[in-house]
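Visitor: Build me a structure from this.
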Amino acid sequence: MTGAFVFAISGAVAAKQRGLDLFGICAIAFTVACGGGIIRDLCIGAIPPAGLMNWQYLVAAIAAAGMTIGLYPLVQRLNHPVLFFDALGLSLFAVTGAQKSLAFGHNAEVAVLLGITTAVGGGVLRDVLLNRVPVILEREIYASAALIGSLIIVLGNYLKWLSDDWVSIIALIICFVLRLLALRYHWNLPVYSDDEADSKLRNDHD
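Guide: Residues are numbered from 1 along each chain as shown. This is a model prediction of the structure:
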């Protein structure tokens, strides 16, 4: 619920910055908090999705939207704590997403993909609805951290070297620490600018 609440705050802040009305802010907040989990549940056949069955997710999203609207200066000052809990939410959602997929009898590939989807799906939906390039498609190490967390869950499930609880803890810690280190030291994936692409094309022609 902490992860969902913080994810909802990020959605509400983005919606407010875009000038959406009260309903729009609440809708975007709920989408970020539950969108990834709903997509996962639809893909694995867990109908109706947990995000729609559990009223606490809706309350968390509305509370986050209300806090953002009423206490916006405070929310802006909470940037670092929000990033901290966002990293925690990312890790929790990646781990639980992969676990739930495996629990429903799906293979490793599906578990990894839906672990990532659970963690980042809400943010992608937010960016699409707000007409901007999704954050995970840019330089930040975000989806990559979710990928590693999901992979650890899948490997632990197949190798059986440790108990499921220990595998979950290890996956959670590694995903969480990787995300925090990426924020702290500004780690990014490679970016290929137009100039680099044009230079490569010229070299190929030569």
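
Visitor: Show the pLDDT at the nearest residue to L147 once chain neighbours are set aside.
Guide: Nearest non-adjacent residue to L147, counting by C-beta to C-beta, 6 or more residues apart in numbering: I116, 5.5 Å away. Quick note: C-beta positions are derived from backbone N, CA and C, even for glycine. I116 carries a pLDDT value of 96.

Visitor: Likewise for G37?
Guide: Confidence at G37, expressed as pLDDT, is 94.

Visitor: And for G89?
Guide: pLDDT, G89: 88.

Visitor: Check which element follows the lengthiest helix in the chain along the chain.
Guide: Longest helix in the chain, counting residues (DSSP state H): helix 79-103. Per DSSP states H and E, helix 79-103 leads on to helix 108-129 as the next helix or strand towards the C-terminus.

Visitor: Could you check the angle that following helix makes with helix 79-103?
Guide: 140 degrees (axes from the mean of the first three to the mean of the last three C-alpha atoms, to 10 degrees).

Visitor: Give the next helix or strand downstream of helix 108-129.
Guide: Helix 108-129 is succeeded, C-terminally, by helix 143-159 (DSSP H and E).

Visitor: Outside of that following helix itself, list whatever touches it.
Guide: 87, 90-91, 93-95, 97-99, 102, 108, 111-113, 115-116, 119-120, 136, 162, 164, 166-168, 170-172, 174-175, 178-179, 182, 189 (C-beta atoms under 8 Å, 6 or more residues apart in numbering).

Visitor: at 6 Å instead, please
Guide: Helix 143-159 is contacted from outside by 90-91, 94-95, 98-99, 102, 108, 111-112, 115-116, 119-120, 136, 167, 171, 175, 178-179, using C-beta atoms under 6 Å, 6 or more residues apart in numbering.

Visitor: I25: neighbour count?
Guide: I25: 26 surrounding residues under other C-beta atoms under 10 Å.

Visitor: got a list of what it touches?
Guide: I25 neighbours (C-beta under 6 Å, 6+ apart): A12, A15, K16, A65.

Visitor: Most neighbours among these, which one is it?
Guide: Using other C-beta under 10 Å as the neighbour test, those are led by A12, with 32 neighbours.

Visitor: Not counting its neighbours along the chain, what's nearest that residue?
Guide: A12's closest residue in space is T68 (C-beta to C-beta, 6+ apart), at 3.8 Å.

Visitor: Confirm for me that that neighbour is in contact with L78.
Guide: No. Under the criterion of C-beta atoms under 6 Å, T68 is not in contact with L78, lying 10.4 Å apart.

Visitor: Tell me which of those two has more neighbours.
Guide: T68 (24 against 16).

Visitor: Good, we can wrap up now.
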